[in-house]
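next come a sequence and a model predicted from it.
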Amino acid sequence: MSHPAVEFLQVSKRFRLGENHGSLRDLVVAGARRILGGARRDEEGTFLAVDSVDFRVGSGEAVGIIGPNGAGKSTVLKLLSRILRPDSGAVRVHGRLAGLIEVGAGFHGDLTGRENIFLNGAILGMSRREIRRKFDDIVAFAGLESFLDMPVKRYSSGMYARLGFSVASHVDADVLLVDEVLSVGDAVFRLRCLDRMRRLVRGGTTLIFVTHDLEQMQSICTRTIVLSSGRVAYEGPPGDAVGHYLSAVSRTHCDRTTDLATSGHQVGSAEVFSVRFCDLSGNHLSWIAPRSSVVMDVQLRLSRFIANCILEVNLRSPSGHAVLSLNSGRDGVRFDCDTGVQHLRLRINDLPLSGGQYFWNVRAWDADTGACELDTPFRYPMVINENGRASGMISVEREWSLNSDETVGEAGLGRTLPSQIAVAPTQSDDAACEPCSAEA
């Protein structure tokens, strides 16, 4: 590693649960509430948001920080930007720092966009002369020329993000911190932001990028830190980090028994005991490669005998769009289901989905009566891991070539990308399903 631009040395940060009385006014108000009986005493518990986190970032390096919600990512950035102070450990940033931590941070709602450029630039350490020199570039990058003299309290969240990122990215900073606020911008502006960050990194700026967009992170960063429950769970190449993160997230869901009887959502005489995904050898999968074969093992618990049971499963994208609906009855398959736990299995030979987390629901019908015996929410996750090689919703077999001859045939095609990636089974003792021979 080159000379470190950022040092995060065994840092811990603890927050108090319950009311926070950080000023005399807070104490007076809380005391009055207790006298009037309007509030309980503070809870004594605390929450360790960051627990002995240790990493270093070299000068000119681009490092991504990923992890589930509540993992400590934003707390790490606030510690780096000195918004928060650590309870233990040391945070050192060498050089000038600029950050985009929250949408609208450093803006005053009653001031115009023009005025806030000068205000926010000054907060980030730019001189008035420097702001004037870069003003036209900042405005052009944000694309807000028509709204420059409008109070920013009338801006949308996307306009806030555009102006905030534009100012931060034009600071001659040695270290740039970017949180996941770019998710509120439109697609074209996000691409411009990614291109801007790449150019800054090529110019020697150190970048720390916190995001839930794994594809964006892999396209920019050369190293990734995975946080989980306030600790560093993995640190290494982005592709390996994504696989580790997706496996951990998927395993958290898959290892949890999802019994609808405990939640009161049972519709009829059937309830879901568990939903698992297996490879053709019966190994439980924590994540699935695109265009691979997978067996969906649905365990239903029935309180009565159903002679002609129809199973239906529906798939939605993370954004809630319908992707797939499969119904055994439409395929001419009905199940003779006795009382107790029954394994109903569906084999899908080629699942052409791009990377991401998708969600299934399960429905069961009594074909004789037409009654719906089960209809669950979209609560059963399935993680497709393509290592960030494609975006969108579908995955296709593809080949790339460079050919000087205008006639393109099989002989002129370049290297074929594999349509299947090796699937890593979960390494837990109880991770295997029963032999998953397809019944549908």
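Yep, that arrived. This is a predicted model, so every value here is computed, not measured.

report the buried residues of the strand or helix carrying N116.
Here N116 sits within helix 113-123, counting by DSSP states H and E. Neighbour-count burial for helix 113-123 flags G113, R114, E115, N116, I117, F118, L119, N120, G121 (criterion: 16 or more other C-beta atoms under 10 Å). Every C-beta, even on glycine, is put in place using the N, C-alpha and C of the backbone.

next: stretch 143-157.
Under the neighbour-count criterion of 16+ other C-beta under 10 Å, stretch 143-157 has G143, L144, F147, L148, V152, Y155 buried.

doesn't R162 make contact with the first one?
So that's G143. Yes: taking contacts as C-beta atoms under 8 Å, G143 lies within contact range of R162: 6.6 Å.

what sits in contact with each of these two?
F189 (C-beta atoms under 8 Å, 6 or more residues apart in numbering).

mind listing the helices for the stretch 1-150 of the chain?
Along the stretch 1-150 of the chain, the stretches classed as helices by DSSP state H, counting those that start in this stretch are 24-35, 73-80, 113-123, 128-142.

mean pLDDT and distance to D172 for those - can I get that in a markdown table?
Shown next, in a markdown table, are these (pLDDT from 0 to 100; distance: least, C-beta to C-beta, whole Å):
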| stretch | mean pLDDT | distance to D172 |
| --- | --- | --- |
| helix 24-35 | 62 | 40 |
| helix 73-80 | 90 | 18 |
| helix 113-123 | 91 | 11 |
| helix 128-142 | 92 | 8 |
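
these: which one's closest to I220?
helix 73-80 (15.9 Å; C-beta to C-beta).

how close does D195 get to N327?
Using C-beta to C-beta, to the nearest Å, D195 is found at 45 Å from N327.

and those two? Which one has more around it.
N327 (15 against 11; other C-beta atoms under 10 Å).

residues in contact with the more buried one?
By C-beta under 8 Å, 6+ apart, the neighbours of N327 are I310, L311, E312.

partners of it in the sheet?
E312 (DSSP bridges).

swap in W365?
Bridge pairing for W365 - DSSP bridges - gives I310, C372.

what number of residues lie near it?
24.

show me the contacts for it.
Contacts of W365 by C-beta under 8 Å, 6+ apart are C309, I310, E312, G329, A371, C372, E373.

which residues touch the fourth one?
When contacts are counted by C-beta under 8 Å, 6+ apart, G329 is found next to I310, E312, W365, A367.

which SS class is it?
coil (DSSP: H, G, I helix; E, B strand; the rest coil).

list phi and psi for it.
When read as degrees, to the nearest 10, the backbone of G329 gives phi -70, psi -40.

okay, the contacts of G329 in CSV with pLDDT and distance to F335 next?
Listed next are the contacts of G329 as CSV, based on pLDDT from 0 to 100; distance: C-beta to C-beta, whole Å:
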residue, pLDDT, distance to F335
I310, 94, 8
E312, 93, 12
W365, 89, 11
A367, 91, 10
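
which of these count as buried?
I310, E312, W365.

neighbouring strands - and their directions - for the helix or strand where R345 lies?
Element membership for R345, per DSSP H and E: strand 340-348. Partners of strand 340-348 in the sheet, by DSSP bridges, are strand 294-302 (antiparallel).

so which bits of the strand it pairs with are buried?
V294, V295, M296, D297, V298, Q299, L300, R301, L302.

which residues touch the strand or helix carrying V201?
Here V201 is covered by helix 187-202, with elements defined by DSSP H and E. Applying C-beta under 8 Å, 6+ apart, the contact partners of helix 187-202 are 60, 62, 141, 143, 158, 161-162, 165, 169, 176, 178, 182-183, 185, 207, 209, 216, 219-220.

just checking, what packs against the helix or strand that comes right after that helix?
Heading C-terminal from helix 187-202, the first helix or strand you meet, by DSSP H and E, is strand 206-210. The contact analysis (3 or more C-beta pairs under 8 Å, 6 or more residues apart in numbering; DSSP states H and E) places strand 206-210 against strand 4-16, strand 46-58, strand 62-66, helix 73-80, strand 175-178, helix 187-202, helix 214-220.

strands paired with the second one, and their directions?
Each strand that pairs with strand 46-58, with its direction, by DSSP bridges: strand 4-16 (antiparallel).

got a list of contacts for the strand it pairs with?
With C-beta under 8 Å, 6+ apart, strand 4-16 has contacts from 42, 45-61, 75-76, 79-80, 84, 86-95, 174-175, 206, 208.

now flag whichever of the contacts of G329 is closest to I348.
E312 (14.3 Å).

that closest one contacts A364, correct?
Yes: under the contact definition of C-beta under 8 Å, E312 touches A364, with a separation of 7.4 Å.

just curious, which of the contacts of W365 is nearest to Y245?
Closest to Y245, out of all of the contacts of W365 and judged by C-beta to C-beta, is E312, at 31.2 Å.

ok, Y234 to E215 distance?
Counting by C-beta to C-beta, the gap from Y234 to E215 is 18 Å.

report the two of the contacts of G329 separated the most.
Most distant of those, by C-beta to C-beta, are E312 and A367, 11.5 Å apart.

in contact with L353, which residues?
P290, V323, I384, M393, I394, S395.

the closest residue to it other than its chain neighbours pairs with what?
Nearest residue to L353, sequence neighbours excluded (C-beta to C-beta, 6 or more residues apart in numbering): I384, at 4.8 Å. Beta bridges link I384 to I288, G356, judged by DSSP bridges.

I384: neighbour count?
With other C-beta under 10 Å as criterion, I384 counts 23.

again, but for D137
Residues lying near D137 (other C-beta under 10 Å) number 12.
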